[in-house]
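**Student:** take a look and give me a structure for this.
(chains A and B)
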There are 2 protein chains.
Amino acid sequence: MSVVDEVTAANERYASGFAKGALPMPPGRKFAVVTCMDARLDPAKFLGLEEGDAHVIRNAGGLVNDETIRSLVISHHLLGTEDAVVVGHTDCGMLTFTNEELQEKLGPEAEGIDFEPFPDVAERVRQSVEAIRGNPLLPDSFGATGFVYDVHTGQIDPV
Amino acid sequence: MSVVDEVTAANERYASGFAKGALPMPPGRKFAVVTCMDARLDPAKFLGLEEGDAHVIRNAGGLVNDETIRSLVISHHLLGTEDAVVVGHTDCGMLTFTNEELQEKLGPEAEGIDFEPFPDVAERVRQSVEAIRGNPLLPDSFGATGFVYDVHTGQIDPV
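**Tutor:** Numbering: from 1, shown residues only, chains lettered A, B, ... in the order given. The predicted structure is shown next:
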């Protein structure tokens, strides 16, 4: 079975039991989550989110960079969120390579591209929290808190 | 109860029942999902993903831009995914504003920033699929398929 067939079949099961009605566009619990794309992480499950509760932004590393700020600006200014929860995790793939190694693997097309690896998850989460707190496009009242999720226990620890 | 208290309490319940053991870092089903941060979307539920199955990348609009490509390059070249599933959705917030309107609301700090709004969800999904297919950092063998999720029915429709 192809990926498309698999997800289509899974979606038919989901939609057949769908009873959410018309949820409003703004997140009901007024916060946004920023976390890693890692397959082992299901932020809805490990943070207790139902459909309609919170924005979820995910990328390789769970980084707050300019693109994350784009999403958070829209989240706050257009859709009313007031807090961000940033969640890195143990055993992150971003700790396993350097820019030079990945650029060499990819060849000339990748020259000069920053893939944003980092050596320390908790430190990177702290930087992301500071990047939110210090960003001039988000008000001082917009909260930001950081955690590290442990892929072996399912627990989040504040940083 | 604060956001931090709420997510911490929810996480304690999740971790107390955590029995995933040591899942491997590479996604077991070898694909990545790109979708919107919208609170009404739970891609794990509507695509049938368990922890460990697939990378999930989310941003405002579910766009494939340079930052999404950064994540997909890491997903494919370092962690072995072979397909991407791009999912836009009906009633997307990105259809409700223009750059000029948001820049004006935010003031001088936002001058020149592209917040990447778009007028047509299916068309934007098609562009994202093409951006993956045509990217020189991903091989021709890397698949990309697009869908639009209907927030009123829970169904995905291919585009």
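**Student:** tell me who's in contact with A:S128.
**Tutor:** A:34, A:62-64, A:68, A:86, A:88, A:144, A:146 (CB atoms under 8 Å, 6 or more residues apart in numbering or on different chains). Yep, even glycine has a C-beta here, placed from its N, CA and C like the rest.
**Student:** can you rerun that using 10 Å?
**Tutor:** A:34, A:61-65, A:68, A:84, A:86-88, A:144, A:146, A:159 (CB atoms under 10 Å, 6 or more residues apart in numbering or on different chains).
**Student:** quick one, strands of chain A?
**Tutor:** Here chain A has its strands, by DSSP state E, at A:31-36, A:54-59, A:83-89, A:143-149, A:156-158.
**Student:** what angle sits between the first one and strand A:83-89?
**Tutor:** Angle, strand A:31-36 to strand A:83-89, by axes from the mean of the first three to the mean of the last three CA atoms, to 10 degrees: 20 degrees.
**Student:** paired strands for strand A:31-36, with orientation please.
**Tutor:** Taking DSSP bridges as the criterion, strand A:31-36 sits next to strand A:54-59 (parallel), strand A:83-89 (parallel) in its sheet.
**Student:** reformat the strands of chain A as CSV; add mean neighbour count and mean pLDDT.
**Tutor:** Output for the strands of chain A, formatted as CSV (neighbours: other CB atoms under 10 Å in any protein chain shown; pLDDT from 0 to 100):
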stretch, mean neighbour count, mean pLDDT
strand A:31-36, 28, 98
strand A:54-59, 27, 98
strand A:83-89, 26, 98
strand A:143-149, 23, 98
strand A:156-158, 17, 97
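**Student:** closest to A:G48 out of the ones you listed?
**Tutor:** The stretch from these with the least distance to A:G48 (CB to CB) is strand A:54-59; that distance is 9.8 Å.
**Student:** so which residues of chain A form helices?
**Tutor:** All helices of chain A, identified by DSSP state H, fall at A:3-16, A:43-47, A:66-73, A:99-106, A:121-133.
**Student:** to B:T8, which of these lies closest?
**Tutor:** B:T8 lies closest to helix A:43-47 among those, at 9.0 Å (CB to CB).
**Student:** what's that closest one packed up against?
**Tutor:** Applying 3 or more CB pairs under 10 Å, 6 or more residues apart in numbering or on different chains; DSSP states H and E, one finds that helix A:43-47 contacts strand A:31-36, strand A:54-59, strand A:83-89, strand A:143-149, strand A:156-158, helix B:3-16, helix B:43-47.
**Student:** what's across from A:G146 in the sheet?
**Tutor:** A:V86.
**Student:** so what's it up against?
**Tutor:** Going by CB under 10 Å, 6+ apart, A:G146 touches A:34, A:62, A:64, A:84-88, A:121-122, A:124-130, A:132, A:156-159.
**Student:** rewinding a little: looking at the helices of chain A, which is buried most?
**Tutor:** helix A:43-47 (a mean of 23; mean count of other CB atoms under 10 Å in any protein chain shown).
**Student:** can I get the helices and strands packed on helix A:43-47 in JSON lines with distance to B:L137?
**Tutor:** Putting the helices and strands packed on helix A:43-47 into JSON lines (distance: least, CB to CB, whole Å) gives the following:
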{"stretch": "strand A:31-36", "distance to B:L137": "20"}
{"stretch": "strand A:54-59", "distance to B:L137": "16"}
{"stretch": "strand A:83-89", "distance to B:L137": "24"}
{"stretch": "strand A:143-149", "distance to B:L137": "28"}
{"stretch": "strand A:156-158", "distance to B:L137": "32"}
{"stretch": "helix B:3-16", "distance to B:L137": "35"}
{"stretch": "helix B:43-47", "distance to B:L137": "24"}
